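Chemist: here is a sequence together with a model predicted from it:
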Amino acid sequence: MSTKIYVPPIKSQGIKTKLVPWIKSIVPNDFDGLWIEPFMGTGAVAFNVASQHSLLSDTNPHLINFYSSVASGEITTEVVKDYLTREGALLLEKGEDHYYFIRDRFNAEHSPLDFLFVNRAGFNGMIRFNRKGGFNIPFCRKPQRFAQAYVTKIVNQVDWASKIIKAKHLSFKCQDFTKTIGEASSQDIIYCDPPYIDRHVDYYNGWDESHERELFNKLSEFKGKFILSTWHHNDYRENEYIKKLWSKYNVITREHFYHLGGKEENRNPVVEALVTNFLSAPVDKIIERPIQYTLFEQPAKYVTA
């Protein structure tokens with residue numbers, strides 16, 4: 001069985017694109033409820049896996065604002081092409097000064113197009129904000145970043161996302177995960193991809209033990225099905241919350257490489273975990289379209305813990 005995986009226009013270091021087939025393989029075939037994500041992030045999982053009706057939320061207002069603008073038609077492929085071509089030419093002419101000009105403008109005015117610019121021209125696709133809410137990722141040091149081929153690639157990603165948003169009736173809300181989970185019914189599936197506790201993460205707000213326990217309690221009270229992404233262990237330590245909290249549920253694992261940091265020696269494997277409150281039987285699928293992690297990733301190994 002094969003599946004084609006699409007990449008969304010917004011990037012992040014923790015993007016789940018490579019894990020989409022694994023996640024999709026455990027979604028029950030007869031599921032026809034609402035697909036709900038309290039931590040939508042880049043939208044990679046929802047756009048590839050979601051059913052015909054979905055609720056996607058996040059506390060990062062810039063993610064929600066960007067995709068809401070795509071949904072409303074304020075951001076179109078033509079708008080993105082014109083914007084990136086214009087600002088990309090200025091970046092090539094002025095260098096990193098223009099990146100920081102756009103970053104300052106984004107932090108002052110919060111334009112979704114400027115968010116796309118700093119996301120795609122910032123260092124290593126990171127999304128990080130300071131305590132005052134200011135985007136603080138440095139320039140990727142590639143003045144030619146928005147060459148025509150790269151602009152076309154992003155425009156195609158926006159085009160695909162726009163079509164998926166309309167076809168699957170995706171709705172977006174900027175709100176806390178507890179409120180989103182509270183809106184779910186027993187016929188729905190909640191997919192959670194929270195910040196990985198005790199690991200470096202890109203996230204708009206912090207994440208500590210109190211958040212992990214609150215998420216555990218909310219999902220334990222939920223009457224429908226849930227799927228949780230988290231980390232299980234790496235070469236140096238274990239995620240202690242697997243034993244403390246999540247081991248009462250079904251836990252399946254596989255090895256994965258995340259593109260963290262700028263140095264290859266920092267790209268260590270981590271054993272990824274999916275926690276579900278239903279019996280899940282993953283089916284290995286062939287990805288038709290290789291993505292950037294292929295060079296660093298080992299063949300999938302599915303293990304039931």
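Modeler: Received it, and whenever you're ready, just let me know what you need.
Chemist: from here on, contacts and neighbour counts on C-alpha atoms
Modeler: Noted.
Chemist: return the helix or strand in this structure with minimum mean pLDDT.
Modeler: Lowest by mean pLDDT, DSSP states H and E among the helices and strands of the chain is strand 303-304, with a mean of 39.
Chemist: which outside residues touch the biggest strand by length in the chain?
Modeler: Counting by DSSP state E, the longest strand found in the chain is strand 225-234. By C-alpha atoms under 8 Å, 6 or more residues apart in numbering, the surrounding residues in contact with strand 225-234 are 186-194, 196, 219, 238-239, 242, 253, 269-278.
Chemist: restricted to helices, list those.
Modeler: Judged by DSSP state H, the contacts of strand 225-234 include 219, 242 as members of helices.
Chemist: so which of the contacts of strand 225-234 are in strands?
Modeler: Members of the contacts of strand 225-234 lying in strands (criterion: DSSP E): 189-192, 253, 269-276.
Chemist: redo these as TSV? Include distance to residue 125, neighbour count and pLDDT.
Modeler: Converted to TSV, the ones in strands among the contacts of strand 225-234 look like this (distance: C-alpha to C-alpha, whole Å; neighbours: other C-alpha atoms under 10 Å; pLDDT from 0 to 100):
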residue	distance to residue 125	neighbour count	pLDDT
189	29	26	97
190	27	27	98
191	23	27	98
192	22	22	98
253	26	22	95
269	19	17	82
270	19	19	88
271	22	19	94
272	21	18	94
273	23	24	96
274	24	26	97
275	27	24	97
276	29	23	97
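Chemist: between those residues, which sits nearest residue 105?
Modeler: Checking the ones in strands among the contacts of strand 225-234 against residue 105 by C-alpha to C-alpha gives residue 192 as the nearest, at 32.0 Å.
Chemist: any idea how far residue 215 is from the closest one?
Modeler: As judged by C-alpha to C-alpha, to the nearest Å, residue 192 and residue 215 stand 9 Å apart.
Chemist: got phi/psi on residue 23?
Modeler: Torsion angles at residue 23 (phi, psi; degrees, to the nearest 10) stand at phi -60, psi -40.
Chemist: that one: neighbour count?
Modeler: Neighbourhood size, residue 23 [other C-alpha atoms under 10 Å]: 19.
Chemist: gap between it and residue 280?
Modeler: Residue 23 sits 10 Å away from residue 280, going by C-alpha to C-alpha.
Chemist: repeat for residue 38
Modeler: In this view, residue 38 and residue 280 are 21 Å apart by C-alpha to C-alpha.
Chemist: quick one, which of these two is more surrounded?
Modeler: residue 38 (24 against 18).
Chemist: residue contacts, the more buried one?
Modeler: Contact analysis of residue 38 by C-alpha under 8 Å, 6+ apart lists 56, 57, 58, 176, 177, 178, 180, 181, 190, 191, 192, 193.
Chemist: and the pLDDT for it?
Modeler: At residue 38, the model reports a pLDDT of 98.
Chemist: for residue 115, see how far away it is.
Modeler: On the measure of C-alpha to C-alpha, residue 38 and residue 115 end up 21 Å apart.
Chemist: got it, and residue 156?
Modeler: For residue 156, the distance to residue 115 equals 17 Å [C-alpha to C-alpha].
Chemist: when these two are compared, which one has more neighbours?
Modeler: Neighbours per residue (other C-alpha under 10 Å) separate residue 156 from residue 115, with residue 115 holding more: 23 against 17.
Chemist: packing partners for the longest helix seen in the chain?
Modeler: When the chain is scanned for its longest helix (criterion: DSSP H), the result is helix 148-167. On a contact count with 3 or more C-alpha pairs under 8 Å, 6 or more residues apart in numbering; DSSP states H and E, helix 148-167 meets helix 44-49, helix 61-72, helix 77-94.
Chemist: out of the ones you listed, which is the most enclosed?
Modeler: Highest mean neighbour count among those (mean count of other C-alpha atoms under 10 Å): helix 44-49, with a mean of 22.
Chemist: most distant residue from the middle of the protein?
Modeler: No residue in the chain has its C-alpha farther from the mean C-alpha position than residue 93, which lies at 32.0 Å (C-alpha atoms, centre = their mean).
Chemist: ok, the closest residue in space to it that isn't next to it in sequence - contacts?
Modeler: Among residues not flanking residue 93 along the chain, residue 143 sits closest, at 7.9 Å (C-alpha to C-alpha, 6 or more residues apart in numbering). When contacts are counted by C-alpha under 8 Å, 6+ apart, residue 143 touches 91, 92, 93, 95, 96.
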